[in-house]
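Asks: this one's structure only:
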Ligand code: C5P
């Protein structure tokens, strides 16, 4: 007897994960496990070929609910057919891995199994994470199907990564990593699939800059760039073309984002000014080291030769320069990392740097600021409007910022 999805009345988000028949199916276990841990309700569909790679039992155990197969589809389901129940239940459908076969079926509107029938019986957004051998992925027919399908705004495509594939080829076609899929799911649950930044170019700076006085010693700060990374992810998931200019980082930029690594404030200034003319929205979330050592030694200084005091020079105020060069249609947003009263100094910076908005965030509160996955802030715009963003993940904060921008 097939199991009906419980139609829940609480606020938990509901996601259907549909697994196609590719070796990347094993990575979907991690996606389902993480979604359960963060409180998302998950129902899983496996195609017949997916079951050659992983079992319904694995995914049923991880999702805490029986997983569905075509055997369930071909049995009477009460009160309504299974694909209708699942399709209407889901806030979001995710197909991972998306195979060439399922892609072709979706693009031609076919409905010959539980997965494809559920997609057609639903109007919810669909996230697609393709995975296949490089030659398969690069076939003209496959690329044509992919491009055509993405013309329908309901479908959200994730880029494939390049790397060593299970077929021993090194090339494109590797499925996005589970963490990246989960982040994209979180974004789509927030936006309900809106692509409100489609066609927009978003330029973001992230992380801390470093000013070296010899090859190993520098002036810097504890910024990890996580806020800028979250902004890049959120903008990408809302359809923007994203350029991320970042200082030293321990993370990889999301697939599909143009990432430009820099080290010093001068390098960041040069890249930001270069990309400014084509940007619609510019967000300076980088923690720029405000000063640099006046002198630089190309050789590592022996400990005994270290200076007793370090003469310093100011570095350029990048955001203030961007404000001077920007066009009226461009939106420039800065960040103000503060201790104590966060609003008064942020309002002063908003005015002196001539920004359109500033995000004042405390760095002396637990679970926010440098290095944390969470943050809190007060967003202030040039008309004096304020939006309080209570403690939340940096991704959620990024989306609230873009919601504000969209208004
Ligand atoms: O003046 P303060 O450094 O606190 O201002 C913070 C804002 O200014 C942030 O948006 C930061 O990225 C930017 N900034 C800058 N260049 C600097 C210092 C800060 O663009 N040299």
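Replies: Right, received. Where do you want to start? It should be emphasised that the depicted structure is a prediction, and the values quoted were computed from it without experimental measurement.

Asks: part of a strand, is residue 242?
Replies: Yes: assessed by DSSP: H, G, I helix; E, B strand; the rest coil, residue 242 belongs to a strand.

Asks: where along the stretch 301-407 of the chain do the strands fall?
Replies: Assigned by DSSP state E, counting those that start in this stretch, the strands in the stretch 301-407 of the chain fall at 312-314, 331-338, 357-362, 374-381, 386-393.

Asks: And these: which comes nearest residue 405?
Replies: Taking Cβ to Cβ, strand 331-338 is the member of the strands of the stretch 301-407 of the chain nearest to residue 405, at 6.4 Å. Heads up, the C-betas are built off the backbone N, CA and C, glycines and all.

Asks: neighbouring contacts of the closest one?
Replies: Outside strand 331-338, the residues that touch it by Cβ atoms under 8 Å, 6 or more residues apart in numbering are 227, 280-285, 287, 319, 322-323, 326, 342, 345-346, 349-350, 353, 355-363, 369-370, 401, 405.

Asks: Any residue of it touching the ligand?
Replies: Yes: using Cβ under 6 Å from any ligand atom as the criterion, contacts between strand 331-338 and the ligand involve 334-336.

Asks: I'd like the distance between residue 140 and residue 147.
Replies: 10 Å (Cβ to Cβ, to the nearest Å).

Asks: oh sorry, the question was meant for residue 242
Replies: With Cβ to Cβ as the criterion, residue 242 and residue 147 are 20 Å apart.

Asks: So the two - more neighbours on which side?
Replies: Higher neighbour count among residue 242 and residue 147: residue 242, with 27 against 11, using other Cβ atoms under 10 Å.

Asks: can you tell me the helix or strand for the residue nearest the centre of the chain?
Replies: The centroid of the chain falls nearest to residue 233 when counting by Cα atoms, centre = their mean (2.5 Å). Using DSSP states H and E, residue 233 sits in helix 226-237.

Asks: and that helix with the ligand, contact?
Replies: No: judged by Cβ under 6 Å from any ligand atom, helix 226-237 makes no contact with the ligand; its nearest approach is 9.4 Å.

Asks: which residues touch that helix?
Replies: Under Cβ under 8 Å, 6+ apart, the answer for helix 226-237 is 156, 183-184, 187-188, 191, 197, 202, 204-207, 242, 244, 246, 249, 251, 253-254, 256-257, 281, 283, 285-286, 335, 371-373, 375, 393-395, 397-399, 401-402.

Asks: where exactly do the helices run in the stretch 201-350 of the chain?
Replies: 226-237, 265-275, 318-325, 343-352 (DSSP state H, counting those that start in this stretch).
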